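In: Model the following, please.
(chains A and B)
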Amino acid sequence: MMDVFSQWLEWFPNLLPGLIVSLQLTGLSLLFGFPFGLLLAVMATAKFAPFQWISFFFVEIGRGLPALVLLYLMYFSLPDAGIILNSFTTAVIALSWNTGAYASEYFRAGLAAVPLGQKEAALTSGLRGWTGFRHIILPQALRISTPPLAGLAVLIFQGSALAFVIAVPELMSKASEIGSITFEYLNVYVLTAVIYGSLTLVFLALVRVLEWRLGRHLQRN
Amino acid sequence: MNPQLLSSIAQGIGLTLYVTGASLLIGGLIGLVLVGAARSPIGIIRTIANVYINVVRVIPPITWLFLIYFGLPQFALRLTTIQAAIIGFSIIASAFMAEIYRSGLLSIPVGQREAAHALGLSSITTVGHIITPQAFRVALPAIATYGIGLLKDSALASTIGVREITYYAQQSAKQTNEGLQAFVVAGVLYILISLVVALISRRVDLTLRRKIGVA
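Out: Residues are numbered from 1 along each chain as shown, chains lettered A, B, ... in the order given. The predicted structure follows:
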């Protein structure tokens, strides 16, 4: 048992840079994915039909394809289109697409949950179009969509492990590097599972706190 | 679209369906045991079941697969790639299915159990004939959605060498230099299979609604 832990201590400094890449990958994918998702949600409800089709295309591909296939697709299609990017950037694009597709559904639900009266009240107060949307509808929709989006963030962190397949030096690839040198595959993957698992648990606890704080105004004393 | 590309990637459909179906079945059965354990009157059994469910879900699927496929041989437990994939996905599915069953069971009004009791039905008859059929109908859409999710996750089996759709797409991408096309074909196949599964589940759902008489 002591051996196991001393190995963990020995490996951890090598895994840490990988974990940092995983977190960067997750952070950037959320940073681009969430606004993309909001855009897709607004486009889906637009009156102008081509906007709806564009939104449908991005959402259905982002959710319908396995994330792994989407990752490979970007990896192979971008160079074909004459765009040469490193694997990290490619992974950010694929995961952002994935994030945006799922997030758009939560944003849509959030937007739909804002009572119609709010829109009417905004119009009556003279807050038309974009102004009314930005100051009245959007803040309420965002509050409703936040808990599921936070849950999605946790899934994207787990999904960042897929970037391993296109050689992004994240946690999984650092782990398999160590495995192929030491042949201690079981132990190194158990350590990796512990790292992913404990961070996910921390994130989930934060989500729960967030949910409680956002729901506080609804609780009656 | 290149027909040769299509036919070579389509070879993977069988194993994609096999890995998904077997994992859903095995995971679904283990999930039944788990949901039973999670509702056990004995505290320690409940705790074990809940810890299992949570631990399984916080570890990324690819980490599970690598742990099983590359890690277990250290204990001289040699698995084929297909066995490793099915074991890995069954473990993952069991935790998610247990949660789905749990929400299905929670949706059955307590009055149903009380009514069965009042009619003098035994606990086993109550669970088997009153609770389970209704809970299953409620859980079916969630099971179908999870099944489609698992179908997509099964693409990961290609990373340990299972010859499913994504594996053949990757092979074709390497051999023909038509990477983009190969993965477009794979993507289309996944979407088509998902559509078929969704249609079947809707059919079954409608039939069950009529049979059980739940509106």
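In: Okay, helices next: where are they in chain B?
Out: Assigned by DSSP state H, chain B shows helices spanning B:3-10, B:13-38, B:43-58, B:61-66, B:81-106, B:110-118, B:123-125, B:132-153, B:165-176, B:179-212.
In: angle of the second one against helix B:132-153?
Out: What that stands for is helix B:13-38. 130 degrees (axes from the mean of the first three to the mean of the last three C-alpha atoms, to 10 degrees).
In: now check helix B:13-38, is it near chain A?
Out: No. Helix B:13-38 lies out of reach of chain A by C-beta under 8 Å from any C-beta of the partner chain, never closer than 9.9 Å. From N, CA and C alone the C-beta is placed, and that goes for glycine too.
In: so what does that helix touch, helix or strand wise?
Out: Secondary-structure packing of helix B:13-38 (3 or more C-beta pairs under 8 Å, 6 or more residues apart in numbering or on different chains; DSSP states H and E): helix B:43-58, helix B:81-106, helix B:132-153, helix B:179-212.
In: again, but for the longest one
Out: Using 3+ C-beta pairs under 8 Å, 6+ apart as the contact test, the elements touching helix B:179-212 are helix A:49-64, helix A:67-80, helix B:3-10, helix B:13-38, helix B:132-153, helix B:165-176.
In: Which one of the ones you listed lies nearest to A:Pro35?
Out: helix A:49-64 (13.1 Å; C-beta to C-beta).
In: how far is that closest one from where the chain is centred?
Out: 18 Å (C-alpha atoms, centre = their mean, to the nearest Å).
In: quick one: contacts of it?
Out: Helix A:49-64 is touched from outside by A:40-41, A:43-44, A:46, A:70, A:97-98, A:100-102, A:104-105, B:187, B:190-191, B:194, with contacts defined as C-beta atoms under 8 Å, 6 or more residues apart in numbering or on different chains.
In: distance of A:Leu162 from chain B?
Out: Separation of A:Leu162 from chain B (C-beta to the nearest C-beta, to the nearest Å): 6 Å.
In: wait, that residue sits on A:Pro66?
Out: No. Taking C-beta atoms under 8 Å as the definition, A:Leu162 is not a contact partner of A:Pro66, at 9.2 Å.
In: List the residues that contact the closest residue to B:Leu121 other than its chain neighbours.
Out: Distances taken as C-beta to C-beta, 6 or more residues apart in numbering or on different chains put B:Ile130 closest to B:Leu121, at 7.1 Å, once the chain neighbours are dropped. The contact partners of B:Ile130, by C-beta under 8 Å, 6+ apart, come to B:112-113, B:115-116, B:121.
In: Quick check: pLDDT value at B:Ile130.
Out: Note for B:Ile130: predicted pLDDT of 87.
In: Quick check: it vs B:Ala38, distance?
Out: 20 Å (C-beta to C-beta, to the nearest Å).
In: looking at chain A, which helix or strand does the model trust least?
Out: Using mean pLDDT, DSSP states H and E, the weakest-scoring helix or strand in chain A turns out to be helix A:129-132, at a mean of 85.
In: Packing partners of that one?
Out: helix A:116-124.
In: Would you mind writing the CA trace of the helix it packs on as CSV?
Out: Backbone C-alpha positions of helix A:116-124 (Å, rounded to 0.1, in the frame of the first residue of the first chain) are rendered in CSV as follows:
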residue,chain,number,x,y,z
LEU,A,116,-44.6,36.3,-21.3
GLY,A,117,-45.8,39.1,-19.0
GLN,A,118,-42.2,40.2,-18.5
LYS,A,119,-41.8,40.8,-22.2
GLU,A,120,-45.1,42.7,-22.4
ALA,A,121,-44.1,44.8,-19.3
ALA,A,122,-40.8,45.6,-20.9
LEU,A,123,-42.6,46.7,-24.1
THR,A,124,-45.1,48.8,-22.2
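In: neighbouring contacts of that helix?
Out: Residues from elsewhere that reach helix A:116-124, judged by C-beta under 8 Å, 6+ apart: A:128, A:132, A:135-137, A:140.
In: hang on, the earlier thing: and the helices of chain B, which is most packed in?
Out: Counting by mean count of other C-beta atoms under 10 Å in any protein chain shown, helix B:61-66 has the highest mean neighbour count of those, with a mean of 24.
In: residues contacting A:Ala161?
Out: A:22, A:170-172, A:196, B:60, B:62-63.
In: A:Thr182 now?
Out: Counting by C-beta under 8 Å, 6+ apart, A:Thr182 has contacts A:7, A:188.
In: What distance do you get for the closest residue to B:Ser201 other than its chain neighbours to chain A?
Out: Nearest in space to B:Ser201, with sequence neighbours left out and distances taken as C-beta to C-beta, 6+ apart, is B:Ala144 at 3.4 Å. From B:Ala144 across to chain A, the span is 15 Å (C-beta to the nearest C-beta).
In: distance of B:Ala144 from B:Gln134?
Out: 17 Å.
In: Between A:Leu162 and A:Pro66, tell me which one has more neighbours.
Out: Using other C-beta atoms under 10 Å in any protein chain shown, the more surrounded residue of A:Leu162 and A:Pro66 is A:Leu162, with 28 against 24.
In: Pipe the helices and strands packed on helix B:179-212 into TSV and attach distance to B:Ser90 per row.
Out: Output for the helices and strands packed on helix B:179-212, formatted as TSV (distance: least, C-beta to C-beta, whole Å):
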stretch	distance to B:Ser90
helix A:49-64	24
helix A:67-80	19
helix B:3-10	25
helix B:13-38	4
helix B:132-153	10
helix B:165-176	19
